[in-house]
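Trainee: Please find the sequence and the predicted model below.
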Amino acid sequence: MAKVCITDGVPKAGLDELRAAGHEILTWDRAQPPTRTELLDHVRGADAVLTVLTDKVDEEFLDAAGPQLKVVANIAAGFNNIDLDSCRKRQVFVSNTPGVLFESTADTAFALLLMVTRRFGEAERFIRSGKPWQYRTTFMLGHAIQSMTIGLIGAGQIGTAMARRCRAFGMRIAYASEHPMKAPARDELEAVGLPLDELIATSDVISLHCPLTPETYHLLNAERLAAMKPDAYVINTARGACIDEQALVEALRSGHLAGAGLDVYEHEPEIASGLLEMENVVLLPHLGSATVETRATMTGLAAKNALAVLNGEPPLTPVH
Ligand code: GLV
């Protein structure tokens, strides 16, 4: 029997297979997430850990877990919270949950796109403020996305799912990505691959769908934001640190950009100063994959990854 420590109060249905295999399962079911000290204490002696993206899995974490640890199964597509080198050195497998959350996350990105271009976030805040309003032909007009080009940074599963939504709403699709968008989507969507700087200079909306790596840290910096078309929009459902948030605030404040829709922040849950006051910004609390169905599937996949390693096999969806 192995000890499996889970650092959150995850949907329990996802844990059935682990339970049926007779492993000891310790979840974190308190209302507040663990403090760092509580986290290190919680994972002590674990053979497998199921982590969430706010857990920093570094040398200290691995030391706390102990030398018997075999697998870190992240319940997320991203894995920038995990020190892969340290895990590799200790022969600890790392896995993530690709392939199960791309539709939910693309839904979130597309919702942000509509909310910001059509001013729905601002409009909802307006109604709730109790201010008087009447139907007028010129009241609170947004912009039609049908004439716009979406520029996707990253064309993996989430970027491609976003492209499908945008195409269905009449947008033109362009992307910059290390790997070309996969066929048949690329052809069906008439998606045009461009060098990053050309994408940035020619898109009406830039939407981020790339992992956070040293190469994508502050990828949208002041220079690139200045190179965007005037009145363009930024959507981010990837990782906050892919954007220099202060530079974004400046680009919005100066009127160069028309708006931004953000689900992720560099210093979550802190929101960069200036953003909260802007009417042309829509802010969500990292809800990308937050549906009952998707979170249950993500938990189930992470549990399967842990179980595979405990059975002496590689994880189903390893991070290399
Ligand atoms: C969410 O942000 C994820 O990486 O799954």
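Mentor: Everything's here; your move. What you are looking at is a predicted structure, and each value in this text was computed from that prediction instead of being measured.

Trainee: Need the pLDDT of Ser147.
Mentor: Note for Ser147: predicted pLDDT of 85.

Trainee: What is the neighbour count of the nearest residue to Lys12 once chain neighbours are set aside?
Mentor: Leaving out its chain neighbours, the residue that sits closest to Lys12 by CB to CB, 6 or more residues apart in numbering is Thr27, at 7.7 Å. C-betas here are computed from N, CA, C, even on glycine. When neighbours are defined as other CB atoms under 10 Å, Thr27 has 16 of them.

Trainee: Likewise for Arg44?
Mentor: For Arg44, using other CB under 10 Å, the count is 12.

Trainee: Helix, strand, or coil at it?
Mentor: coil (DSSP: H, G, I helix; E, B strand; the rest coil).

Trainee: what residues are up against it?
Mentor: If a contact means CB atoms under 8 Å, 6 or more residues apart in numbering, then Arg44 has Ala64, Ala65, Gly66 as its contacts.

Trainee: Same check on Val92?
Mentor: Val92 touches Leu62, Leu69, Lys70, Val71, Val72, counting by CB under 8 Å, 6+ apart.

Trainee: How many neighbouring residues does Lys12 have?
Mentor: Neighbour number of Lys12 under other CB under 10 Å is 14.

Trainee: can you list contacts of the helix or strand of the chain with the lowest mean pLDDT?
Mentor: Within the chain, no helix or strand scores below helix 16-20, which has a mean of 93 by mean pLDDT, DSSP states H and E. Helix 16-20 is contacted by residues Val4, Ile25, Gly300, Ala303, Lys304, Ala306, Leu307 when judged by CB under 8 Å, 6+ apart.

Trainee: between the residues you listed, which is nearest Ile150?
Mentor: Gly300 (31.8 Å; CB to CB).

Trainee: my read: the closest one touches Ala13, true?
Mentor: Yes - Gly300 is in contact with Ala13 according to CB atoms under 8 Å; the separation is 7.4 Å.

Trainee: Please identify which of the two sits among more neighbours.
Mentor: Higher neighbour count among Gly300 and Ala13: Gly300, with 21 against 11, using other CB under 10 Å.

Trainee: host element of that one?
Mentor: Taking DSSP states H and E as the criterion, Gly300 maps to helix 292-310.

Trainee: For the residue sitting nearest the centre point of the chain, give its distance to Glu293.
Mentor: Geometric centre of the chain, nearest residue: Ala238, 3.7 Å, by CA atoms, centre = their mean. Here the criterion is CB to CB, to the nearest Å. By it, Ala238 lies 22 Å from Glu293.

Trainee: can you check Phe120 too?
Mentor: For Phe120 relative to Glu293 (CB to CB), the value is 24 Å.

Trainee: of the two, who's got more company?
Mentor: Between Phe120 and Glu293, Phe120 has the larger neighbour count (other CB under 10 Å), namely 16 against 12.

Trainee: what about the nearest residue to the more buried one once chain neighbours are set aside, how many neighbours?
Mentor: Spatial nearest neighbour of Phe120, excluding adjacent residues (CB to CB, 6+ apart): Leu114 at 6.5 Å. Per other CB under 10 Å, the neighbour tally for Leu114 reads 17.

Trainee: quick one: secondary structure of Leu114?
Mentor: Applying three-state DSSP: Leu114 is helix.
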